[in-house]
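Peer 1: Return atomic coordinates for the entry below.
(chains A, B, C, D, E and F)
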Number of protein chains: 4
Amino acid sequence: MPRRKTDDKHAAILRAAIQVIAERGLSAAPTSAISKAAGVAEGTLFTYFATKQDLANALYIDIKLQLAEKLFAREPDAANARGLMQHHWNRFVQWGVANPSHLRVLDQLTASGMISPKIAAEGSAPFAQLEQMVRAAIRSGVLRKVPFLLLTSTFEAMAQNTIRQINAGIETPGKLRRLGFEILWRGLAVRPDE
Amino acid sequence: MPRRKTDDKHAAILRAAIQVIAERGLSAAPTSAISKAAGVAEGTLFTYFATKQDLANALYIDIKLQLAEKLFAREPDAANARGLMQHHWNRFVQWGVANPSHLRVLDQLTASGMISPKIAAEGSAPFAQLEQMVRAAIRSGVLRKVPFLLLTSTFEAMAQNTIRQINAGIETPGKLRRLGFEILWRGLAVRPDE
Amino acid sequence: MPRRKTDDKHAAILRAAIQVIAERGLSAAPTSAISKAAGVAEGTLFTYFATKQDLANALYIDIKLQLAEKLFAREPDAANARGLMQHHWNRFVQWGVANPSHLRVLDQLTASGMISPKIAAEGSAPFAQLEQMVRAAIRSGVLRKVPFLLLTSTFEAMAQNTIRQINAGIETPGKLRRLGFEILWRGLAVRPDE
Amino acid sequence: MPRRKTDDKHAAILRAAIQVIAERGLSAAPTSAISKAAGVAEGTLFTYFATKQDLANALYIDIKLQLAEKLFAREPDAANARGLMQHHWNRFVQWGVANPSHLRVLDQLTASGMISPKIAAEGSAPFAQLEQMVRAAIRSGVLRKVPFLLLTSTFEAMAQNTIRQINAGIETPGKLRRLGFEILWRGLAVRPDE
DNA sequence: CATGAATGAGGGTTCATTCAT
DNA sequence: AATGAATGAACCCTCATTCAT
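Peer 2: Sure thing, here's the model as predicted:
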């Protein structure tokens, strides 16, 4: 599908939405403010997103995609499970620290109840390869036999928490990132010390 | 002597607020709906809470207090650190599972940006004794030497995640609760297996 | 009619009303603010004045009465018409300058449309002796033969304007008061220079 | 090209505001009633006037401008100071009698305290040429040497009073208009009879 | 398609008045 | 009589959405 010239506006609106929502909160982010920040007329927003809901959903997917892109941008050096996991952990945390707005908006959207389960599932799709990796690690006995969803959600919850602590500035980013992963790995690996 | 302000109505409004906000989301929860659910006139809400913000803040404190009460209701049997921590972990998770609305509202409030740091701090106060316990465990070498705030926030993040997974119904509540704690403890304890 | 103890509150409310209305404007002066300023409970106000309207009317009458009292407090020295008129002019202007709140409230009440013609008439009653004086002066050929109401309203309009100019501080109070009267007298007297 | 803001609607809202405020009083004139009277949706009023205050200010300026227009519409026949002054007096009074609503609204606005000094000054600007005329007459010795502001405010106060008396119907409009001016001229002129 | 004025339902809050105590 | 909590109608203003240009 070829990109049209107007995809510029589509993207501009999404970008503006992130900025405005991060600054003011989802419910205090009128579509008028978003369109203005995007350099677009108020009505134009609605030719790209029929509804504020639709915009919210698109934004959710968009941010998740951006995260996935960063996560899988480079091939990891390491071949063993721990190295792989740490690689993605680092990417995740680095992305979150570099894009606090995105994470904040993701929080807002998740908490808002505007994101339907269907959209939420769609947002998880790009992480399929990460899931494969985890499943393989469980099968091969490197990770503990824990319900799959508990495991992945723990990864995400701890990564997000680590990012929050880094942004709160309680310690060096690098140290927190390393410590966070250590906690996670010790919690999940069968033989953490190997 | 006039009609006196009753704890009755104060509590009824808070209860109604939790219900309505949990159902519809904070920003989609008009004060009119809250007062109606509380069985109170629209204006009455504002004799108890001058502002929707004030209501939000009060709600935040209230829920935190309820949680703290459950957490510290009974003296834990165990004397060792692991037992103590598990005791409180269990209480936390049980409370979250029993009161999904409360947790959802807490999320909403936290994400909304309506909660000032001052109120947030006030909401943490009742957990002081938990903090003491954690600090002692670190000092005595039972828990790993990890920045205090990273540790406590990890506890909270993992507990909340565990509650979410239980509510999603992916596994038996008891099993998830036990597994969740195991992951946490392995991650944080110096010698997890003892 | 003997004054009751409760007349204290009646008067306190009127006094408070003047203060609050002068400060904030009639429509921005809630009865709650007035009762508070009067040191009285909100409901109490309504045992003395059944309605905000009633309070407004009572206030109108009250201020007019206060003005009349000042106007006729002392017997004028002068015996001729000019001296008499000037005496009352001076009293009027001095009262207005000393009580800017009262005049401002009178303006507000008059402009508000809350004052019925009946009440307005009642407010004019205390000035009957002034009217007699004016009628006599017309009959005796000292004042020009001008419709009575035009004459008295001119007196009032010019006095109020003079007060306003004094309060605006464009010139010495004494000078403005004298000049104002001179303009009035020259305008109304048959032989101004005698 | 979108719908453009029309002078049409702008004017319609101002006209409606005058009508509604004159009838019910400023504070009892809801914006909803004004927009309805203007044949416009409630929200539309706020695309033309961001605030009720702004509407009030605009209304003040608008009425003052209308008055100024009438005042200076035709060149006066007379060349001498008295003729000039009488010409403008007549115009003022005629306008006031023909537009009782406008005057009433002006009163309301002035008394309301919503009109900032800045706006008040702006409303006086169109009368600059009248001021020039008065200053010239003072310099040339036709009008008495009286503080300028006292003089102009007296003109206005007496004109408004005359209008009120005419509207009260105590005498023929023409007669009151002539008498009013006579009183004013005698009061202000150095040699009234020439 | 793009624009931004127009729309009107809805929201938080105020306030005169009532009424239980 | 005094109190002040309770009431609910109104009010000003916002904002997602529509539509004429």
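Peer 1: could you pull out the helices for chain A?
Peer 2: A:7-24, A:31-37, A:42-48, A:52-71, A:81-98, A:100-112, A:117-124, A:128-139, A:148-168, A:173-188 (DSSP state H).
Peer 1: does the fifth one come close to chain B?
Peer 2: No. Using C-beta under 8 Å from any C-beta of the partner chain, helix A:81-98 stays clear of chain B, with a minimum separation of 12.6 Å. Backbone N, C-alpha and C define where each C-beta goes, glycine included.
Peer 1: Next, the buried residues of that helix.
Peer 2: Neighbour counts using 16 or more other C-beta atoms under 10 Å in any protein chain shown place A:81-82, A:84-97 of helix A:81-98 among the buried residues.
Peer 1: Tell me the residues of chain A that contact DNA strand E?
Peer 2: A:Arg4, A:Thr6, A:Lys9, A:Val40, A:Ala41, A:Glu42, A:Gly43, A:Thr44, A:Phe46, A:Thr47, A:Tyr48 (C-beta under 7 Å from any atom of the strand).
Peer 1: so who does the nearest residue to A:Asn167 once chain neighbours are set aside touch?
Peer 2: Using C-beta to C-beta, 6 or more residues apart in numbering or on different chains and skipping residues adjacent in sequence, the residue nearest A:Asn167 is A:Pro100, 5.7 Å away. Each residue near A:Pro100 by C-beta atoms under 8 Å, 6 or more residues apart in numbering or on different chains is listed here: A:Ala22, A:Ile163, A:Asn167.
Peer 1: List buried residues within these.
Peer 2: A:Ala22, A:Ile163.
Peer 1: Throw the contacts of A:Pro100 into CSV and include pLDDT and distance to C:Glu69, thanks.
Peer 2: Below are those laid out as CSV (pLDDT from 0 to 100; distance: C-beta to C-beta, whole Å):
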residue, pLDDT, distance to C:Glu69
A:Ala22, 95, 66
A:Ile163, 96, 76
A:Asn167, 93, 71
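Peer 1: ok, and which of the contacts of A:Pro100 reach DNA strand F?
Peer 2: Within the contacts of A:Pro100, nothing lies near DNA strand F by C-beta under 7 Å from any atom of the strand.
Peer 1: out of the contacts of A:Pro100, who's nearest chain B?
Peer 2: Using C-beta to the nearest C-beta, A:Ala22 comes nearest to chain B of these, at 10.0 Å.
Peer 1: Which pair of the residues of chain A next to DNA strand E spans the longest distance?
Peer 2: By the measure C-beta to C-beta, A:Arg4 and A:Glu42 form the most distant pair in those, at 21.3 Å.
Peer 1: Looking at those two, which is more packed in?
Peer 2: A:Glu42 (14 against 9; other C-beta atoms under 10 Å in any protein chain shown).
Peer 1: ok, that one touching A:Ser35?
Peer 2: Yes. Counting by C-beta atoms under 8 Å, A:Ser35 is a contact partner of A:Glu42 at 4.9 Å.
Peer 1: and A:Glu171, what does it touch?
Peer 2: Neighbouring residues of A:Glu171 by C-beta under 8 Å, 6+ apart: A:Gln165, B:Pro147, B:Leu150.
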